[in-house]
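Peer 1: my questions are about this predicted structure, shown below with the sequence.
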Amino acid sequence: MQSEHNTEQQKAIATNDSSLLIVAGAGTGKTYVLVEKIIRLLQNGIPGHTVLALTFTNKAADEMRGRVHARFTAGKVPFVGTFHSFCVSLLREFPVEAKVPNNFIIFDRDACRRLIKRCMKQEGITDYTPRAMQHAIGRLKTGLAAEDESDTMNTAEHLLPVYTLAMQNEHALDFDDLIIKTVTLLQKETRVREHVRNRYTYILVDEFQDTDTLQNQLVALLKGEKTRIIAVGDTDQTIYSWRGASVHNMLGFTERYAPATTVFLTQNYRSTGNILAAANAIIMKNVFRQEKNLMTARADGSPITLLSAEDEEHEGELIAKEIIRLCNEGAAYSDIAVLFRVNFQARALETHMITNRIPYTVLGARFFDRAEIKDLLAYLTLVQNPASQEAFVRASNAPKRGIGARTLERIFNKEEHLLSAGISAKVAALRFDITRVTELAQHHPVAHVLRELVSFLDYKTYLTKTFDNPEDRMYEVREFIVFAERFSHLSGTDGIAQLLAEVALVSDQDTLRTTNKQTVRLMTVHAAKGLEFPHVFIAGMEEGLFPFLRDEFATHDPEEERRLCYVAMTRAKDTLSCSFARRRGVFGGYENRHPSSFLSDIPEHLLTTTPTANSTHHTETGENSAEDIQW
C-alpha cells in the first residue's frame, strides 16, 4: 500500500476550498487519495456526519469504510456506501414525503423476476421470458429506451403499470425505484431537499465516470450552497455507456459545480514505461476526454509483444505456449490474465488451456455451459441418443413450445394417449424438429446441421424474446458453429459423436482446474476493470472484433472501444501481449481479418513480435519486426 503522497495526490488531498474534480488515471492510487482526503477532512475538524462518500459496489464501499475506520476512531465517521444504500437511508427517513411505505422491502433482481413472471401470466404474455421483460422494464424506468419502438419494448410498456401495481401491493421497491424515488423526492419536496443539502459539507463520489443520468441528478440535488462536491474518476475509463454511464458527466463537472478545481493524477504505480506509452498513444486519439499523459517511475520494461496467428485456434495455441514460457521463467498461473472483447472468444482459448494442461478460470459462464450452447447440444444429443430424457426436456423448451412438466411426465411414462389434442400437436411438432435434425445428420456435416437447426427453429427470435442480450448470445451460437467446422471431415453422425465427446471432455477436465486457486484468468475487458496482473494477453486485436462491430446490430461508439482498449492495456504491470488472427471463423465459414487499427496507433519501437517456432500452424523461425505486420 502506498505510504507517501506524490505532488499531485497532495494537491488533491489538500484542496478543500471549492468543489474538486480528481481525474485519476489508471493505477494512480485513486482509492488511496479518496481515503486520505476523508481522513484529512476529519482531522481538520469537519464533523463526520457532514461528510458523504458514494461509490458503486459494496466491495469498494467496504474497502473505503474499513480504511477510514482503521485510521480515524475519534468522533462520528462519515456515511460511506453505495448510491443504493444511501437512497434507502433517505427513503426510510422521509417515507411520507417520498410516498413509499414505512416498512418497504427491497426486491433483489431474482425477486423482481419472479414477480414479473407472475404479472406476465396474469396478462397472458408468453412470447418473452421474465428476464427479457425485466431488462426492458428497467430500460423504460431509467429512460434508456426513449427511441426503442421494438415489439419487446411495446410489450414492456404494457406490462410496466401491472408490475408497478404488483410492487405496491408487496410494499416493495426494486433497485431502480431506490434511485428514481429519491431523485423525485428531492426534486418535488423543497423542505426535504434543503434539509438534506444543509446536512452535508463534503460529498465525495468515486468512479464518477460511471454515473448515469439519474445518479448525476442525485449528486446535483444534494449540493447545497456551501457543499463541496469531490468527484474522482477518469473519462478514459468510461466503458459502461450501454447501461447509461455518460462521459459527459465528467466533462461537464467544472461548469456544473463552478467554481471548481481540477487535479490530474498521472503518476502510475502499476505499469512499465512501454505499456503506459502504448496505452497513451491509443487513448490520445479520443476527442471526448480530459487530456493527460500517464507517467511511471518504473523502467521501460519489455516491448509489447504481437502474436500473429493464422486463425483463432492458432491464436489459442500461441497464447498457451507463451503462458508456459512465462511460468517456466518463474511466473505463477495467477499472475496471468487473458482478456477478450466478446464472450465467444473464450471457446478457442479454453480449448488450448485444456490441451496444454494449463489450469484456468473463466470469469462468468464457461463457453459450453452457456444456455444457448446447451440448447443446441440437446438436439445433437437426441440424434446420437434418442432416449435421452434430459436432452428431450431441454429441447422442448428451446424454443418454448407450451410443453409443461406434466406433459413430459406422461411422455416418459408412455401415457401420451392421455394428452389433449392441442398438447399432442405441440409434442408432434417437437418430434418433427428432432427428426429433421436426425435426417440432416445422415447426409451433412455437423456444422451444416447446426446452421439449419438455428434457421428452422427461428432461434434468433427465441433469443430476442428470452434474454436481455440476444445479439451477444447469437455470437456465441455462431462461434459454436465455427467450432463444429473442425468435425466436417467426418461423415454422417460420426461428427456429432466426436463433437459431443470433445465437449464432455472439456467439462470433465474443467472440474479439476476450478478447485485450483493458481489459475490463469480468462475474462472480458469489462470484467477486468479495476483489476491488475503482472502479465496480460489481449486476444482478438482485429478490426471488427476489437474495435467491435456488431454486424447487423448497432455499431459501438468508436471512442468507447478505444477506452476499452486503454483499460485492457493498463491492467498489465510487467508484460503485455496482443494477439490477432489473419482469418477467423464466422457464421457459415471463415473470413479474412486485419490487425486492429489500435495496434497501428502504437509507435513501432514499442512493439516486437515473437517467433512462431514449434507451432503446428507455422514452421517459420526467427524474430520478426513490427514492420512485417501488414496493417
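Peer 2: Looks like it arrived, so ask away.

Peer 1: which residues does the spatially closest residue to residue 101 that is not a sequence neighbour contact?
Peer 2: Take residue 101 and drop its neighbours on the chain: the residue closest to it by C-beta to C-beta, 6 or more residues apart in numbering is residue 171, 4.3 Å away. The way it works is simple: take the backbone N, C-alpha and C, and place the C-beta from them, glycine included. By C-beta atoms under 8 Å, 6 or more residues apart in numbering, residue 171 lies in contact with 101, 103-105.

Peer 1: do residue 78 as well
Peer 2: Taking C-beta under 8 Å, 6+ apart, one finds 38, 42, 48-53, 68 in contact with residue 78.

Peer 1: just the residues you listed: which are in strands?
Peer 2: 51-53 (DSSP state E).

Peer 1: could the residues you listed be laid out in CSV, adding pLDDT?
Peer 2: Listed next are the ones in strands among the contacts of residue 78 as CSV, based on pLDDT from 0 to 100:
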residue, pLDDT
51, 95
52, 96
53, 96
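
Peer 1: buried ones from those residues, can you make that a PyMOL selection?
Peer 2: Burial among the ones in strands among the contacts of residue 78 is assessed by 16 or more other C-beta atoms under 10 Å; the matching PyMOL selection reads:
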select buried, resi 51+52+53
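
Peer 1: so which of the contacts of residue 171 comes closest to residue 245?
Peer 2: residue 104 (27.3 Å; C-beta to C-beta).

Peer 1: what number of residues lie near that closest one?
Peer 2: 21 (other C-beta atoms under 10 Å).

Peer 1: now residue 283. Nearest residue, chain neighbours left out?
Peer 2: Closest to residue 283 by C-beta to C-beta, 6+ apart is residue 566, at 4.2 Å.

Peer 1: what's the neighbour count on that neighbour?
Peer 2: Neighbour tally, residue 566, other C-beta under 10 Å: 27.

Peer 1: any low-confidence regions in this protein?
Peer 2: Residues of the chain meeting the criterion pLDDT under 70: 1-3, 74-75, 365, 504-517, 550-556, 587-588, 611-631.

Peer 1: can you list the strands that the helix or strand hosting residue 339 pairs with?
Peer 2: Using DSSP states H and E, the element containing residue 339 is strand 336-340. With DSSP bridges as the test, strand 336-340 is paired with strand 520-524 (parallel), strand 533-538 (parallel).

Peer 1: would you map the strands across the stretch 501-631 of the chain?
Peer 2: Taking DSSP state E, counting those that start in this stretch, the strands of the stretch 501-631 of the chain run over residues 520-524, 533-538, 572-581, 583-586, 589-592, 607-609.

Peer 1: before we move on, what about the stretch 151-300 of the chain?
Peer 2: 172-173, 202-205, 228-233, 260-265, 267-268, 295-296.

Peer 1: for those, give me TSV that also has distance to residue 535 and mean neighbour count.
Peer 2: What follows is the strands of the stretch 151-300 of the chain, written out as TSV (distance: least, C-beta to C-beta, whole Å; neighbours: other C-beta atoms under 10 Å):
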stretch	distance to residue 535	mean neighbour count
strand 172-173	44	20
strand 202-205	33	24
strand 228-233	27	25
strand 260-265	25	19
strand 267-268	17	20
strand 295-296	17	18
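
Peer 1: same list, the ones you listed, but as TSV with distance to residue 18 please.
Peer 2: Listed next are the strands of the stretch 151-300 of the chain as TSV, based on distance: least, C-beta to C-beta, whole Å:
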stretch	distance to residue 18
strand 172-173	36
strand 202-205	11
strand 228-233	7
strand 260-265	5
strand 267-268	23
strand 295-296	26
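
Peer 1: hmm, the residue nearest to residue 283 is touching residue 236, no?
Peer 2: Yes - with contact defined as C-beta atoms under 8 Å, residue 566 reaches residue 236; the gap is 5.4 Å.

Peer 1: and the one helix or strand residue 8 maps to with strand 228-233, angle?
Peer 2: Here residue 8, judged by DSSP H and E, is contained in helix 7-14. Angle of helix 7-14 versus strand 228-233, following axes from the mean of the first three to the mean of the last three C-alpha atoms, to 10 degrees, is 150 degrees.

Peer 1: next SSE downstream of helix 7-14?
Peer 2: Scanning forward in sequence from helix 7-14 by DSSP H and E, the next helix or strand is strand 19-24.

Peer 1: residue nearest the centroid of the protein?
Peer 2: Centroid-nearest residue in the chain: residue 526, 4.4 Å away (criterion: C-alpha atoms, centre = their mean).

Peer 1: quick one, what contacts the closest residue to that one other than its chain neighbours?
Peer 2: Counting by C-beta to C-beta, 6+ apart, residue 526 lies nearest to residue 239, which is 6.3 Å off, once chain neighbours are set aside. Applying C-beta under 8 Å, 6+ apart, we find residue 239 in contact with 245, 525-526, 529, 560, 563-564, 567.
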